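Asks: Curious how this folds, go ahead:
(2 chains)
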Amino acid sequence: MGTGKLPIKNLLRKPGRTCALVLLTAFLALAVFGGSVVVRSLRGGLNSLEARLGADIIVVPGEMASKVDLKELFLQGTVGEYYMKASALDKVREVEGVEIAAPQTYLTSLKADCCAVKVQIIGIDPGVDFTVKPWIDRSLSRDLGDMELAVGCKVSTGVGENLRIYDRSCRVVAKLAETGTGFDTAVYCNMDTMKTLLAAAEEKGIVHRLTSDNGDRISAIYVKVAPGYDVSDIEVRLAAHVRKTKTVRTRTMITDVSESLAGIARTVSLLAVAVWALAFVVLLIAFAMMIAERRREFAVLRLLGTSRGGLTGLILTETALCSLAGGLLGVGVASLAVFPFTTLIESRLGLPYLTPSTGTVLALAGTTLLVTLLVGAIASAFAAWRLSRVDPGTTLREGA
Amino acid sequence: MKKAIIPAIIILVLALVIAVGSQTFLGACVHEDGSFGACHWAARAILGEGALLAVLAALAMALKKERAGLYLAMAPASLLGMLTPGTLIAICGMDTMRCRMLMRPAMLILFGIALLAALVGWLAARKEK
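Replies: Next comes the predicted model:
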């Protein structure tokens, strides 16, 4: 007797049982795939943050360091306005061991017309900048001109459109690639544009701490230490040489973020393992019960000439079909829960979050399906092996 | 219970979640100064679309003869709901705004499932005849 279509007919004949098995494996696949994507995204975000910061040390006004958690800028994208005299840049450059020192000026818009939230505007000096400029260069083959902006990927204004900030119209000339950090919601301009915007902000009656100083102030200095010098030594020298400022080592900041990430990754992994173990045990019990319930049916099949191998194959095929359907369902549900809500997850976790490439996601989905199939096969293999040992005549005579 | 009613029950539940959610936990942005953004009006439109979908689903459960036609009406209503936030009615510009982070993706998914359920329901209702 041919058993080709029998597994499908068996599954359709008992829709309740089939649904339960599919849902169980779907739950397993959802936990594995969803967990892997979130952990991968967090790792991707951290790598992106590391690459994006670029500097070894950041020098900021002492007032800013005491009032603002600097991680906020890099993770959430807004810090407000804090300034120090531009002469601090010369002082930093005087320190031996400083290879490059690039200034940045921060300004927060009140309500840009693209958005109903504050937008962080970051002024850079394209001549010396080594942190933002490499990213802008990927989308723009020239320096930012006056009243031109490069916008983070999460600002909706497109290239060629105008963005009004403090009633000044700026043209968007580049959109930066996603970093998974707060930089994605910031807009970037050169220092001359920044001065214009600061003046416009003052005209609007918004008091900035810059008003007393001709616009000649900066918010941060990104420092790259020359090869052969110890970053800690340079940090100490900078602290001693440049007054009323605070030096921050980016490595320390990244380590802090990395520790938070490790905690979350551990929790997600533990949850996934717990779900796996639970699902495996439940599948073992479910298959044992299902096969015990179907002993007579299998005994009849044996008497009709189905070999032991054929019977095992029948059970494994049924399991594989259920696992495949469950795996696809789980991966689908996890995709709907994770990918459309990446910004929400990033915002709630407060950590850099960069979704992996399509290739990686597909590889993760494939691995999840494979693992789901394997777990289902292992869970049913034991029950199938036990069943194939039973004598069909005895089973039918027992009336079991 | 007839199989063709099951999609209508699913759509009714989804429609209620959409209608209630659009004004509460899946709703538009709340501005600090109390003003409304464009997304507020998108949420109001979604409330209406959710309510319409709920009525159609309830009718599909009650009226056997008209069930296939009602399912056919639910499909474009769901599509309309999917297109409302961001395409037909503008929402806030920044990706980090609540309406972009939560309301739009949630509505795309909920209305999308409703659309699929309506099509499945239509097929089932045709067989029922």
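
Asks: rest of the way, CA atoms for contacts and neighbours
Replies: OK.

Asks: Now do the same for the top helix by length along chain A: mean pLDDT, whole number.
Replies: When every helix of chain A is counted residue by residue (DSSP state H), the longest turns out to be helix A:250-293. On average, the pLDDT along helix A:250-293 is 80.

Asks: Quick check: next helix or strand after that helix?
Replies: helix A:295-303 (DSSP states H and E).

Asks: okay, the angle between the helix or strand following that following helix and helix A:295-303?
Replies: Toward the C-terminus, helix A:295-303 is succeeded by helix A:308-338 as the next helix or strand (DSSP H and E). Orientation check (axes from the mean of the first three to the mean of the last three C-alpha atoms, to 10 degrees): helix A:308-338 against helix A:295-303 gives 130 degrees.

Asks: mind checking how far helix A:308-338 is from the chain centre?
Replies: Relative to the chain's own centre, helix A:308-338 is displaced by 28 Å; criterion: C-alpha atoms, centre = their mean, to the nearest Å.

Asks: now for it, which elements pack on it?
Replies: Judged by 3 or more C-alpha pairs under 8 Å, 6 or more residues apart in numbering or on different chains; DSSP states H and E, helix A:308-338 is in contact with helix A:6-13, helix A:15-53, helix A:295-303, helix A:358-389.

Asks: That one vs helix A:358-389, what angle?
Replies: For helix A:308-338 against helix A:358-389, the angle by the same axes, to 10 degrees is 150 degrees.

Asks: Please identify the buried residues of helix A:308-338?
Replies: The neighbour-count check on helix A:308-338 (16 or more other C-alpha atoms under 10 Å in any protein chain shown) flags A:308, A:310-335, A:337-338 as buried.

Asks: And stretch B:72-84, by the same measure?
Replies: By 16+ other C-alpha under 10 Å, the buried positions in stretch B:72-84 come out as B:72-75, B:77-78, B:80-84.

Asks: One more: stretch B:51-58?
Replies: Across stretch B:51-58, burial judged by 16+ other C-alpha under 10 Å covers B:51-58.

Asks: And stretch A:354-365, by the same measure?
Replies: For stretch A:354-365, a neighbour-count test (16+ other C-alpha under 10 Å) marks A:354-356, A:361, A:364-365 as buried.

Asks: got the CA positions of that stretch in CSV?
Replies: Extracted in CSV, the C-alpha atoms of stretch A:354-365 (Å, rounded to 0.1, in the frame of the first residue of the first chain):
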residue,chain,number,x,y,z
LEU,A,354,20.6,48.6,13.6
THR,A,355,18.5,45.9,11.8
PRO,A,356,20.8,43.3,10.0
SER,A,357,21.0,43.2,6.3
THR,A,358,18.3,41.3,4.3
GLY,A,359,20.9,38.5,3.6
THR,A,360,21.5,38.0,7.4
VAL,A,361,17.8,38.1,8.1
LEU,A,362,17.1,35.4,5.5
ALA,A,363,20.0,33.3,6.9
LEU,A,364,18.5,33.6,10.4
ALA,A,365,15.1,32.6,9.1
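
Asks: and that stretch, how far from the chain's centre?
Replies: Once both centres are worked out by C-alpha atoms, centre = their mean, stretch A:354-365 turns out to sit 11 Å from its chain's centre.

Asks: circling back to that earlier point, can you put the buried residues of stretch B:72-84 in TSV and add secondary structure?
Replies: Converted to TSV, the buried residues of stretch B:72-84 look like this (DSSP: H, G, I helix; E, B strand; the rest coil):
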residue	secondary structure
B:Leu72	helix
B:Ala73	helix
B:Met74	helix
B:Ala75	helix
B:Ala77	helix
B:Ser78	helix
B:Leu80	helix
B:Gly81	helix
B:Met82	helix
B:Leu83	helix
B:Thr84	coil
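
Asks: Which one of these is nearest to chain A?
Replies: When the buried residues of stretch B:72-84 are ranked by distance to chain A (C-alpha to the nearest C-alpha), B:Met82 comes first, at 13.6 Å.

Asks: where are the low-confidence patches of the chain?
Replies: The chain I'm using is chain A. Flagging of chain A using pLDDT under 70 yields the residue ranges A:1-4, A:65-80, A:110-117, A:206-215, A:398-400.

Asks: that answer is for a different chain, and I need it for chain B
Replies: For chain B, the ranges with pLDDT under 70 are B:1, B:32, B:129.

Asks: now the residue of it positioned farthest from its centre: how far from chain A?
Replies: Distance from the centre of chain B peaks at B:Asp33, with 29.5 Å (C-alpha atoms, centre = their mean). Taking C-alpha to the nearest C-alpha, to the nearest Å as the measure, B:Asp33 falls 11 Å from chain A.
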